[in-house]
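>>> sequence and predicted model, in that order:
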Protein chains: 2
Amino acid sequence: MREFFHPDLNDIKVEQVLYALSDPTRLAIVKRLYESGEQSCARFEDLGKKSNLSHHYRTLRECGLIYIRRDGRHSYMTLRQEEMNQRFPGFLESVVKAQ
Amino acid sequence: MREFFHPDLNDIKVEQVLYALSDPTRLAIVKRLYESGEQSCARFEDLGKKSNLSHHYRTLRECGLIYIRRDGRHSYMTLRQEEMNQRFPGFLESVVKAQ
DNA sequence: TAAATAGTTTATTAATTATTAAACAATTGA
DNA sequence: TCAATTGTTTAATAATTAATAAACTATTTA
């Protein structure tokens, strides 16, 4: 079972994070993770087709916003909330709370 | 002398703001405006060619981040800092201070 | 009035990104 | 073991966005 790449905290680029969050689907994913904690991919099927969603997960993972672990045939995602807050204080909260 | 369109505070979309800021040139413009206040376009010529910059100004203006006024043959830009802070508290500061 | 200035807009081409379907991999359950 | 499940990846096409040059507008200065 291959593991996913996750960037180190210090390699996270704010431009990439901003870009990842500028897509409505990806922003919706992040908001749900912020509100409900760890979720499996199945929870987001209402947001699009699975191959498209999988690309979005990758964008979110590679920019450093989320962590994905595999368990059996499931993938579980969490926000890297504490790390983001350490690196960009106040940023993530201001975005997910934007109305 | 035609005036520019500027969206109302309530029409500002966080996705569009995030997208506008995800470009390195536009982010650099916003950081300078944050630090130095109103600037004319001439102050950003080191960041690219003028027609390209003009497109970037437009993106920043249309998403609601900056205000552009014309005076003679010059255009002067300011960040809509108070409004952004009213609409998305803490957001702009967290972005411009991101290292 | 003519030329220069300061920037904007249009049109074109190049480069990125998004979306989909189909193939694939790993795991689980019958 | 075979089929189903749960995603991921690849490959292709469609759609967006970026960058540039050239034309344009309004203003100012000579």
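Received it, and whenever you're ready, just let me know what you need.

>>> ok, how many other residues are close to the closest residue to residue A:24 other than its chain neighbours?
Closest residue to residue A:24 apart from its sequence neighbours, by CB to CB, 6 or more residues apart in numbering or on different chains: residue B:15 at 5.8 Å. Placement of C-beta: from N, CA and C, glycine included. Using other CB atoms under 10 Å in any protein chain shown, residue B:15 has 16 neighbouring residues.

>>> now the element after the helix or strand hosting residue B:15, going C-ward?
Residue B:15 is part of helix B:14-21 when elements are defined by DSSP states H and E. Using DSSP H and E, the helix or strand that follows helix B:14-21 in sequence is helix B:24-36.

>>> before we move on, the earlier item: just the CA atoms of the helix holding residue B:15, as CSV, please.
Written as CSV, here are the backbone C-alpha positions of helix B:14-21 (Å, rounded to 0.1, in the frame of the first residue of the first chain):
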residue,chain,number,x,y,z
VAL,B,14,-13.9,34.7,-1.1
GLU,B,15,-13.1,32.3,-3.9
GLN,B,16,-12.3,35.1,-6.3
VAL,B,17,-10.2,36.9,-3.7
LEU,B,18,-8.2,33.7,-3.0
TYR,B,19,-7.7,33.2,-6.7
ALA,B,20,-6.5,36.7,-7.2
LEU,B,21,-4.0,36.4,-4.4
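
>>> and it, how far out from the chain's middle?
11 Å (CA atoms, centre = their mean, to the nearest Å).

>>> which helices and strands sit right next to that helix?
Judged by 3 or more CB pairs under 8 Å, 6 or more residues apart in numbering or on different chains; DSSP states H and E, the packing partners of helix B:14-21 are helix A:14-21, helix A:24-36, helix B:24-36, helix B:50-62, helix B:91-96.

>>> of the ones you listed, which is nearest DNA strand D?
Nearest of these to DNA strand D, taken as CB to the nearest atom of the strand: helix B:50-62 at 3.6 Å.

>>> what does the helix or strand that that closest one is followed by rub up against?
Scanning forward in sequence from helix B:50-62 by DSSP H and E, the next helix or strand is strand B:66-71. Residues from elsewhere that reach strand B:66-71 (CB atoms under 8 Å, 6 or more residues apart in numbering or on different chains): B:1, B:3-4, B:6, B:29-30, B:33, B:57, B:60-61, B:75-80.

>>> and strand B:66-71 with DNA strand C, contact?
Yes. Strand B:66-71 reaches DNA strand C (CB under 7 Å from any atom of the strand) through residue B:68.

>>> quick one, that strand and helix B:24-36 angle?
Angle of strand B:66-71 versus helix B:24-36, following axes from the mean of the first three to the mean of the last three CA atoms, to 10 degrees, is 70 degrees.

>>> tell me how far strand B:66-71 is from the chain's mean position?
10 Å.

>>> tell me the buried residues in it?
By neighbour count on 16 or more other CB atoms under 10 Å in any protein chain shown, the buried set for strand B:66-71 is B:66-68.

>>> that one pairs with which strands, and in what direction?
strand B:74-79 (antiparallel) (DSSP bridges).
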